[in-house]
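Novice: Please work out how this folds:
(one chain, ligands or ions: 2)
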Amino acid sequence: MERSTIVRVHEGLHARPATRFVKLAKGFESDVELVKDGKAVSAKSSVKLMLLAVKENQEVTVRANGADAIEAIEALIGYLENPRAGLDDEAEPQSPANDAGQEVLPAALAESAPAVLGRANGLRGVAASEGFAIGPAFAHFPPDIAGQGRLLQAEEIAGEIDRFRAAVSAVQSRMDHALAQDSLSAGDRGIVAALRDIAADDSLTGEAEGLIKGGNDAVSAVITAASNIAAEFSAVDDHYLNARADDVHAVGRQICLVLLGQDDVSLENIPEGAILIADDIGAWDLARAPLKRIGGVVCGHGGATSHIAIIARSHGIPAVLGLGGQVNALRTARDVALDGNAGHVIIDPDEATRADFAGRVEAAAKERAGLTIFKTVTPKLADGRIIEVAANIGSLEEIEAAQEAGAMGIGLFRTELLFMRHMHLPSEDMQAETYAALAKAFAPYPVIVRTLDIGGDKPIAGIEFPDEENPFLGWRGIRMCLDRPDIFKRQLRALLRAAVHGNIKVMLPMVSDLSEVRQTRVLVDECTAELKAEGVPHATFDLGVMIETPAAVLIAPTLAKEVAFFSIGTNDLTQYIMAADRLNPTVAKLNDVTNPAVMSAIEMTAKAGVAAGIMVGMCGEAAGRPDLIATFVKMGLTELSMSPASIQRAKKAIMAMAAEG
Ligand code: PEP
Ligand code: MG
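Specialist: Ligands and ions are numbered 1, 2, ... in the order given. The predicted structure is shown next:
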């Protein structure tokens, strides 16, 4: 028997919900399948469920066959329709997908000067966790694991299956033991829990057992099964699921090591300040490693959204990942210098480079210590004007870092990550909760939320982007939002709802024409009327625009009459004024905010805003540059928003300027 329904599980059946669904399904004797778009998978395998990529609001069918089929269907449909009902009180570990991803990073990382470009012995990878490090190389290249490569005799098979099952249980209990340790942080706990789920999943164990029954030795069977499942994860068009391929390999490796009676090469003895070098490090290994001692991480595999990157970032360890085969050049390195801002690694640096890096590391530490007194400072000019120094963030996880730094609110909340980290478009409720949490965290300071700024270069699930010759000049930001009122209105409604909880302001990205502001206002009014009619609490918000296109600069006096504030986006403004792609290192020299053309555009914007009496701020990376802050303030800017790491330095620069009078 079967029954269809619309899935109401927030974010769909990804990691944890998939595990919950499986737990429920396993409570029934019947064979149970979940069917989507004609594809049926066992409801008792979380890996298979994840690979089915079921999203919120999609239609699925639950099919059951067995003595308790009716009860199974009732329970599973009940979960899909109302996932919160009847849940045990199992604490929700932080899902790996809820950790900061690459999308938080570009502004913080991409803008920093490529300090080591052009040096000898230099390698380039993915800038996955910011900061500089130099130290002894700790090469972690565990030997490849290989099976026996012979076919088992029929009489050996049962024993091999027993050995395999015992190895799986050993790995599971090791992971359970790790999860029971208080020392594991919430983020790391979520990561280990995701690995444990894979180790416990029938897809991996079932496929491996099938291979053993076919005469493969257990190690070969695990290697093949893990590779097959990892390949399926890699093939899905979803970053989160792609990263699970590494998890499957990591779990497979652990099972193989137990089968072979080997211990993995331990990271226990990594020397203080060493740079960990590996082709691939299992998140499981890294989470258990003495992270405080690790100076930096360099890895052949991994990208900015991999678990290694997430762990490195959350522990403040600089990391360069995704070096591919280049990492082999580091196997015999004695010392390594790495620049996690630019994604550079230098093998056995010469004396000058050593001194340079040692200087950077020391200077960074000294500066950090000396700046903390500015955390609580409210920078005020001689004439009494307060300059708000706010933070740019992209996820709720960064609130603490912003508060710790002394942010006077949020000058740019990039909402892209909210859209990119999920397998589907975020719901209005989920967005409203997120924006409200921000508003509450910083009240009475303002929180400026930027509406979705996305284009074909950063596709997200749920929006079809056309292939474009020049995505940076294409269907992105406010252009896309106005063409998709279904998506845009959901965000605007969420913002109106969140405004009840604090000082929410909203700004529009990529504005190049006044009509874009006017059309947005019409939608905001529509949303307000709808919420009112529905009796949903809501409040108004100030609407501002980012000034990041030359067109916006040129019409700034007109725009200023219709918006509450300007925020200058120097990252894009520089690339558009200079016609120099911000991601293209070949034209990096032109991509310079201090070019007189760009500075003049900033000045024109400031003049227009000041003349109209509206606030002019800046949220591009230039806002955090101590060498430019005085110039911007003199132009009339009263708000500067930057990555949390730059806040105290910026406050210091403003105070110094004020002291000079
Ligand atoms: C900018 O363009 O300056 C900006 C702040 O936005 P983003 O870097 O997200 O494009
Ligand atoms: Mg921009």
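
Novice: residue contacts, the closest residue to ligand 2 within the chain?
Specialist: Evaluated by C-beta to the ion, the chain has Asp572 as its residue closest to ligand 2, separated by 3.6 Å. In this view, the C-beta of every residue, glycine as well, is placed from N, C-alpha and C. With contact set as C-beta atoms under 8 Å, 6 or more residues apart in numbering, Asp572 has these partners: 510, 546, 548-549, 582, 620.

Novice: how about those residues, which pair is most distant?
Specialist: The largest separation in these, counting by C-beta to C-beta, is between Met546 and Arg582 at 14.7 Å.

Novice: how about the residues of the stretch 451-600 of the chain near ligand 2?
Specialist: 548, 569, 572 (C-beta under 5 Å from the ion).

Novice: Now with 8 Å, please.
Specialist: The stretch 451-600 of the chain comes close to ligand 2 at residues 453, 477, 509-510, 546, 548, 569, 571-573, as judged by C-beta under 8 Å from the ion.

Novice: can you give me the strands for the stretch 301-450 of the chain?
Specialist: Here the stretch 301-450 of the chain has its strands, by DSSP state E, counting those that start in this stretch, at 319-321, 335-339, 344-347, 388-393, 410-414, 446-450.

Novice: Tell me what angle the fourth one forms with strand 446-450.
Specialist: When axes from the mean of the first three to the mean of the last three C-alpha atoms, to 10 degrees is applied, the directions of strand 388-393 and strand 446-450 differ by 40 degrees.

Novice: rewinding a little: specify the stretch among the strands of the stretch 301-450 of the chain that is closest to ligand 1.
Specialist: Proximity to ligand 1, assessed across those by C-beta to the nearest ligand atom, is greatest for strand 410-414 (5.5 Å).

Novice: Tell me if the closest one is near ligand 2.
Specialist: No - with C-beta under 8 Å from the ion as the criterion, ligand 2 is not reached by strand 410-414; the gap is at least 9.0 Å.

Novice: does ligand 1 sit close to that strand?
Specialist: Yes - if you take C-beta under 6 Å from any ligand atom as the test, strand 410-414 does meet ligand 1, through 412, 414.

Novice: Direction included, what does that strand pair up with?
Specialist: strand 388-393 (parallel), strand 446-450 (parallel) (DSSP bridges).

Novice: Span of stretch 611-620 from start to end?
Specialist: 22 Å (C-alpha to C-alpha, to the nearest Å).

Novice: cool, and stretch 296-309?
Specialist: Stretch 296-309: ends 11 Å apart by C-alpha to C-alpha.

Novice: List the contacts of the closest residue to Asn584 other than its chain neighbours.
Specialist: Counting by C-beta to C-beta, 6 or more residues apart in numbering, Asn584 lies nearest to Asn591, which is 8.0 Å off, once chain neighbours are set aside. Asn591 makes contact with 574-575, 578, 580-582, 584, according to C-beta under 8 Å, 6+ apart.

Novice: one step back: Met546 and Arg582 - which one has more neighbours?
Specialist: The residue with more neighbours, out of Met546 and Arg582, is Met546; 28 against 17, by other C-beta atoms under 10 Å.

Novice: between the host helix or strand of the more buried one and strand 410-414, how big is the angle?
Specialist: If you go by DSSP states H and E, Met546 is part of strand 542-547. Strand 542-547 and strand 410-414 meet at an angle of 70 degrees, taking the same axes, to 10 degrees as the criterion.

Novice: which parts of this structure sit against ligand 1?
Specialist: So far as C-beta under 6 Å from any ligand atom goes, the chain lies against ligand 1 at 107, 412, 414, 453, 548, 569-572, 619-620.

Novice: Can you mark which positions in the longest strand anywhere in the chain are buried?
Specialist: For the chain, the longest strand by residue count, based on DSSP state E, is strand 132-140. For strand 132-140, the neighbour count (16 or more other C-beta atoms under 10 Å) marks 132-135, 137-140 as buried.

Novice: Show me what secondary structure element comes after that strand.
Specialist: Toward the C-terminus from strand 132-140 - assigned by DSSP H and E - lies helix 157-180.

Novice: just checking, what packs against that next one?
Specialist: helix 186-199, helix 202-213, helix 218-235, helix 239-260, helix 283-288 (3 or more C-beta pairs under 8 Å, 6 or more residues apart in numbering; DSSP states H and E).

Novice: and Ala407, which of those helices is closest to it?
Specialist: Short answer: helix 186-199, nearest of the helices and strands packed on helix 157-180 by C-beta to C-beta, at 21.4 Å.

Novice: Which residues does the next helix or strand after the strand holding Met546 contact?
Specialist: As assigned by DSSP H and E, the chain's next helix or strand after strand 542-547 is helix 550-554. Identification of contacts with helix 550-554 by C-beta under 8 Å, 6+ apart yields 511-513, 545-547, 559, 573, 576-577, 601, 604-605.

Novice: Just the C-alpha atoms of helix 550-554, please, in PDB.
Specialist: The C-alpha trace of helix 550-554 is given here as PDB (Å, rounded to 0.1, in the frame of the first residue of the first chain):
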ATOM      1  CA  PRO A 550      28.500  53.400 -12.000                       C
ATOM      2  CA  ALA A 551      24.900  54.100 -12.900                       C
ATOM      3  CA  ALA A 552      23.900  54.400  -9.200                       C
ATOM      4  CA  VAL A 553      26.700  56.900  -8.600                       C
ATOM      5  CA  LEU A 554      25.600  59.000 -11.500                       C
END
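
Novice: Check what pLDDT Ser185 gets.
Specialist: At Ser185, the model reports a pLDDT of 64.

Novice: ok, residues contacting stretch 425-439?
Specialist: With C-beta under 8 Å, 6+ apart, stretch 425-439 has contacts from 10-11, 56, 396, 399, 410, 413, 415, 418-419, 447, 449, 460-463, 487, 490-491, 493-495, 497-504.
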